[in-house]
Structures are given as C-alpha cells and as structure tokens.
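Engineer: Sequence and predicted structure are below.
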Amino acid sequence: MAEDWSAVAEAMNARAAELALKQKEIAERSGVSLAIVREIQQGKIQRRRNPRTLEALSIALDWHPQHLISVLHGKTPPEPPTLTADDPLVPLLNTIIRELRGLRAQVGTLANRLDDGNRRKD
C-alpha cells in the first residue's frame, strides 16, 4: 500500500494549529528533531521513517500512538484511550505531570543561568 505523507503533513498541521503548538514545541514534546518535524509537516521529503518517530509525534499531539501511522497508510486512526476521574491511574498521571513540569522549569532556570554566564564572558 502506498504511503500518503501529504495526509500525514495535513493531519499534523491541523492538529498543531488546534493545539496552538509550534514546530519547536512538537519537537520538544516528542523528542523528534526539529528538522524531522519540519520535513514531515512540509511534506517535501517523503521517505520511510522509523515507526517510533510517528508514534512519538502522535503522542506529542495528544493522539493514539498509532494515529499518524494509520493516516500514512490511509486507515482510520484509532481513538485514544479515555480515562475517567475514578480511574486509579489519574492521580498517578497527575503526579507525573506535576513532576515533569517542575523538572522542565528547573532545566529552564539552569539554561538561563548558563546563557547569562556565557554572555558575561563575552
């Protein structure tokens, strides 16, 4: 079956606009390089990618991990699993999210300090 990279680009661009995410944010959330995010979103370079790349991008865009792979192959994407408030995973996931946000803030603070230190040396 043919791969439809333009459909992947359209899906990613629509979802990024819906979530108000920039390419850099998608790259950061997915762990995929900014260059690859650009290539896929622009649809100019259509070549085989590691399925984990599309899975990471799907997750970063708050979709089911197989969403973009399904789009690529012209299939209906699966719905993401839904959690209810009484699901025991919800408090655990909320704790993980809080911890990650705290770590992100600490990394940002350290990066700013490094930038400030480098500017002073110049």
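Structural biologist: Happy to help now that I have it.
Engineer: ok, residue 55 touching residue 66?
Structural biologist: Yes: under the criterion of C-beta atoms under 8 Å, residue 55 is in contact with residue 66, at a separation of 7.1 Å. Where C-beta positions appear, they are placed from N, C-alpha and C, glycine not excepted.
Engineer: Relative to residue 113, how far out is the residue nearest the centre of the chain?
Structural biologist: Closest to where the C-alpha atoms of the chain average out (C-alpha atoms, centre = their mean) is residue 60, at 2.5 Å. The gap separating residue 60 from residue 113 is 27 Å, by C-beta to C-beta, to the nearest Å.
Engineer: what does residue 4 give?
Structural biologist: 46 Å.
Engineer: who's more crowded, these two?
Structural biologist: Counting neighbours by other C-beta atoms under 10 Å for residue 4 and for residue 113 shows that residue 4 has the greater number, 16 against 10.
Engineer: Now do the contacts for that one.
Structural biologist: Neighbouring residues of residue 4 by C-beta atoms under 8 Å, 6 or more residues apart in numbering: 71, 72, 73, 74.
Engineer: and the second one, how many neighbours?
Structural biologist: Spelled out, it's residue 72. 19.
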